[in-house]
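Student: Give me a model of this one.
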Amino acid sequence: MNSALRGTLRTTVWVTAVTVGIAALIALAILIAAQFWPEASDARIQWNDHSTQLNGIFSSGLIEMLLAWALMTMAILMGVAITLFALAVTAMALGATGLILALPLIAIVAIVWFVARRSHRAHSGGNLSQGA
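Tutor: Presented below is the predicted three-dimensional model:
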């Protein structure tokens, strides 16, 4: 395997691991903080036909707590991925709009430049390297 490709893959794995780790820590912090929020007493994490209440998640069993933690982590990662995709689409749309709006100006500048260049060549006899 090429060393540049190996370095790129290693960097990609590290970035992915760090991103998942940060999302997992944020999800754990949200689950811990939800134990102290009075507004979160009725909040539930639901998958298929089973749901778990956030308030008291740590006393409901290890499997349910780990599953809730994994679902919260996945939700955070999906939210980040969707946001980045939306930002990329917005940037491409704004770039395309800017290019479309600038095309008439680009065409006018190109016409003026070609006319000025042809006029300069006609007056100088085709020699562009005239001295003073």
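Student: Phe36 in helix, strand or coil?
Tutor: Three-state assignment for Phe36 (DSSP: H, G, I helix; E, B strand; the rest coil): coil.
Student: what number of residues lie near it?
Tutor: By the measure other C-beta atoms under 10 Å, the count of residues near Phe36 is 8. Glycine gets a C-beta too; all of them are placed from N, C-alpha and C.
Student: what's the spacing between it and Leu67?
Tutor: Counting by C-beta to C-beta, to the nearest Å, the gap from Phe36 to Leu67 is 22 Å.
Student: how about the strands of the protein, start to end?
Tutor: Ranges of strands within the chain are 44-47, 50-53, based on DSSP state E.
Student: Mind listing the strands the first one pairs with, and their directions?
Tutor: What it means is strand 44-47. Here strand 44-47 is paired, per DSSP bridges, with strand 50-53 (antiparallel).
Student: For the partner strand, buried residues please.
Tutor: Neighbour-count burial for strand 50-53, counted by 16 or more other C-beta atoms under 10 Å, picks out 52-53.
Student: Residues contacting it, please?
Tutor: Applying C-beta atoms under 8 Å, 6 or more residues apart in numbering, the contact partners of strand 50-53 are 41-46, 60, 64, 67-68.
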